[in-house]
Each structure stands twice: as C-alpha cells, then as structure tokens.
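Colleague: Make a model of this:
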Amino acid sequence: MILNLNDFRQQARRTLPAFAFHYVDGGAEDEITLRHNRAVFDRWQFVPPVLKNASQRDLSLQLGNEKLSAPLLIAPTGYNGMLRYQADLMLARAARAANIAYIQSTVSTAAMEEIAADGYGNHWFQLYVLKDRQVTIDLLKRARKAGCSTLVVSVDAVHFGNRERDKRHYRRPMKLSLSSLLNVASKPGWVWRTLKPQGMPGFGNLQPYIPPQYQRGVGGAAYFAEQMETQLDWQTIRWLREQWPGQLLIKGILTVEDAQQAMASGADGMVLSNHGGRQLDGAVSPMLMLAEIRQAVGAEATILIDSGFRRGTDVVKALALGADAVLIGRPLLYAVAVQGQAGVEQALTLLRNEIDRTLAQLGCSNLAQLGPYLLRPMPPPP
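Modeller: Numbers count the residues shown, from 1 in each chain. All right, here's what the predicted structure looks like:
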C-alpha cells in the first residue's frame, strides 16, 4: 500500500536492481549530509493558531511568467532511462497533469526536443556547462527552440562527489561486478521495462555531440565526464546571462555571499541545494541557510530549494522560512521506477494533499499567509 513518498522508496528497493537503486538512493562518502538533509526538518516545530477560517485553500503561485498549481517543481535528474524506458517523458507528463514545472537535465535520457514534441508546457532546462562553449551555446539554442522558459545552471557538481555506495557495484568503472550482474538477472521485470524496448539508454541531449561509437551507456558517461567545465566562475555566469534571454537561476547556492553574487551577476534567483548529499559530504543543509539568504537578497529574488524533502510538512516549513517553491527529486524517481507515470502522478498528489492539509491545520488559506511566525526553532543538539 502506498500512503506516502517513503512507501515508493521501499517498493523501488524491491523492484530495481541493486546498482540502479543505490545510484538513486545513495550519497557521498559516509552519507552524513544525506542523513542530515532529513534530520534537519526536526529543528522546527509548528505553532498552529486556531479559529481561523481556512476552509478554502489556494496552493497556486506565480514564478516569473508562469503560474503553477502548487509550490512544487520536478528536479533535474540524469540518466532516468536506467529506471524505466521513457522515464523522462513520464516525469514531464506527470508534471503537466499536475500543472507544475518540469526541469529537464542536460544528462536526461530523453532529448529536450522529445519533451517539446510531447506538447509539454512549464518546461525548464538545467545546464551543466561544458568545456566546448559552442556545444554549450547550441544546447541553449535548442532549449529556447524547445520552448524552455527558464535556465537552471548547476554549479555544485564541477567536481563529482565520491559516491562509495554506488561504486561498490562495479568491478571497474562502468563495469558491473559479478554479484551485481547476478542481481540484475533476478529482476526480469526491470529488464523487460527498461532494457527490452531499446537496449541501454543514452544521453538524448548530448547525442548530437557524442561520437557514434560512444552513444550509449559507458561511452556517453565517459564523454560527459571529460567535457564538464571545471573552471566555472562568476564571469561564466555573466556570459550565460548574455546568452539566455529568459529567467536564469543558479543551482547549488549555500552561502549568503554566493547568493548576493548570483544576483549581482544577472541571475533572477537561485536554487539552494547541496545536490541531495551527493557531492561534499558534511555540507550544510540548505534549510539552515534559507532564512539568512532570503533576508540578504530580498523579496524580489526567486529562491527555490531542494535536498531531502519527503513530506508536505517539509515543504511548508521551507515556504514559511522564505522559499518560493521546492524541487522534488529522488521520491519521484522511486515512483517512476515502480509505477511509471501513474506512480509519479500519485506521488505528486500525495505531496500536494499533505501541503494542503498542513495549510489547513495552520489556519492559512494561501501560501502568502505562511511565515516564520508559524515555526519555533528547536535548540541545536549539544
């Protein structure tokens, strides 16, 4: 029975081969940040007022030129074809059904043109800047042509995290160990849903740039790793601002200084993120920086946030502390692996219902009524 987002995780553990589950589920090194991202929500408790008329509630919000039905966006995630054939399209279609935004990753399995051809609105594009500036420019041109309204530039994965849980499934880079291969053989349902339709997935957005012999699986991943720009700086952000006419957000901000620099470099806002605990282990949760960053950049900046969100109460706490909306990643990957598009739609409905119920219990009729007055911070542990 699926009652909450964690139930999808438990089913995904049973459904997916171990290497695929741990790729999604794992974090960097000792996974301190991965655990911290969940534990941090306990630091605030609600102070619910009573006798307020919240019988009718509106969860909608305006983000730039787009109106979303709820303060949720589907986070950019890569290589989802490993979970289920056409997983990216399923995520986009579920976002369309829920009238929220779908952020497509540079390293998604589907090409941005496939999402656009499917008739999807509220389509955003997440960019990993590549060394070849002409390739980066071409990606931006394709994103504009595909109707992407917002560019989200990830800056926190220039140097990949040390994801040891993931590495344990391989005898050498990109080559599964014997035990992992035997585990795959024990998951015929996954093989049928994922590999049978088209074989090993590739990287749809990067396909025009990858040599033919490296189009799928190992080759595409190796190409991407080699092409990642390792010398990002604020000048790069200003250059991207010149290339992109729409809304521009910087993803991976965790300090006040970087938030202010992002706005000074021409960004319209930011995504506070520690990459879901997959990069620097021991990094602070964005929840602990949210209120301070909001105060520093002011009310006009768009502030989105991710990393560790699993409940509607988590989302409401972030909104009360100053976030405009929340990106949801892993829970929707578990859902698409388990039940495809229907699973993602169910997960979003569960989350939306939790947000709606929390607003009602706090006596709020809309998101604008949320604020820090509804929270009491708990003292940090000794």
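Colleague: ok, Arg142 touching Glu114?
Modeller: No - in this structure, Arg142 is not within contact of Glu114 by C-beta atoms under 8 Å, at 11.6 Å. All C-beta atoms are positioned from the backbone trio N, CA, C, and that covers glycine.
Colleague: if I look at these two, which residues touch both of them?
Modeller: Counting by C-beta atoms under 8 Å, 6 or more residues apart in numbering, Arg142 and Glu114 have no contacts in common.
Colleague: all strands of the chain, in order?
Modeller: In the chain, the segments counted as strands under DSSP state E are 44-46, 61-63, 66-68, 72-74, 101-104, 123-127, 150-154, 170-172, 175-176, 247-253, 269-272, 302-305, 325-328, 375-377.
Colleague: can you put those in a markdown table and add distance to Ala221 and mean pLDDT?
Modeller: A markdown table is the format used below for these (distance: least, C-beta to C-beta, whole Å; pLDDT from 0 to 100):
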| stretch | distance to Ala221 | mean pLDDT |
| --- | --- | --- |
| strand 44-46 | 39 | 97 |
| strand 61-63 | 32 | 95 |
| strand 66-68 | 32 | 94 |
| strand 72-74 | 22 | 98 |
| strand 101-104 | 18 | 97 |
| strand 123-127 | 17 | 97 |
| strand 150-154 | 17 | 98 |
| strand 170-172 | 12 | 88 |
| strand 175-176 | 12 | 88 |
| strand 247-253 | 21 | 98 |
| strand 269-272 | 24 | 98 |
| strand 302-305 | 27 | 98 |
| strand 325-328 | 23 | 98 |
| strand 375-377 | 42 | 96 |
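Colleague: Among the ones you listed, which comes closest to Gln227?
Modeller: strand 123-127 (12.6 Å; C-beta to C-beta).
Colleague: The closest one pairs with which strands, parallel or anti?
Modeller: strand 101-104 (parallel), strand 150-154 (parallel) (DSSP bridges).
Colleague: buried ones in stretch 304-311?
Modeller: In terms of neighbour count (16 or more other C-beta atoms under 10 Å), stretch 304-311 has its buried residues at Leu304, Ile305, Asp306, Ser307, Gly308, Phe309, Arg310, Arg311.
Colleague: what's the answer for stretch 24-32, then?
Modeller: So for stretch 24-32, counting by 16+ other C-beta under 10 Å, buried means Val24, Asp25, Gly26, Gly27, Ala28, Glu29, Glu31.
Colleague: and what of stretch 45-52?
Modeller: In stretch 45-52, counting by 16+ other C-beta under 10 Å, buried: nothing.
Colleague: who touches that stretch?
Modeller: Contacts for stretch 45-52 (C-beta under 8 Å, 6+ apart): Thr313, Lys317, Thr358, Gln361, Leu362, Gly363, Cys364, Tyr373, Leu374, Leu375, Arg376, Met378.
Colleague: same thing but 6 Å
Modeller: By C-beta atoms under 6 Å, 6 or more residues apart in numbering, the residues outside stretch 45-52 that reach it are Gln361, Leu362, Gly363, Leu374, Arg376.
Colleague: Just the buried subset of these, please.
Modeller: So, by 16+ other C-beta under 10 Å, the buried ones in the contacts of stretch 45-52 are Leu362, Leu374.
Colleague: wait, which of the contacts of stretch 45-52 is closest to Leu280?
Modeller: Using C-beta to C-beta, those come closest to Leu280 at Arg376, 29.8 Å.
Colleague: show me what contacts that closest one?
Modeller: So Arg376 contacts Gln45, Val47 (C-beta under 6 Å, 6+ apart).
Colleague: Mind listing the residues bridging to it?
Modeller: Beta-bridge partners, per DSSP bridges, of Arg376: Gln45.
Colleague: Kindly provide the distance from it to Trp244.
Modeller: Counting by C-beta to C-beta, to the nearest Å, the gap from Arg376 to Trp244 is 41 Å.
Colleague: Ok, Leu73 next?
Modeller: 18 Å.
Colleague: Which one of the strands of the chain lies nearest to Lys187?
Modeller: The nearest among the strands of the chain, by C-beta to C-beta, is strand 175-176 at 12.7 Å.
Colleague: Now do the closest one: which elements does it pack against?
Modeller: Where contact means 3 or more C-beta pairs under 6 Å, 6 or more residues apart in numbering; DSSP states H and E, strand 175-176 is not packed against any helix or strand.
Colleague: let's see it at 10 Å
Modeller: Contact analysis of strand 175-176 by 3 or more C-beta pairs under 10 Å, 6 or more residues apart in numbering; DSSP states H and E lists helix 178-185 as its packing neighbours.
Colleague: Show me what the helix it packs on is packed against.
Modeller: helix 18-25, strand 170-172, strand 175-176.
Colleague: ok, now with 8 Å
Modeller: helix 18-25 (3 or more C-beta pairs under 8 Å, 6 or more residues apart in numbering; DSSP states H and E).
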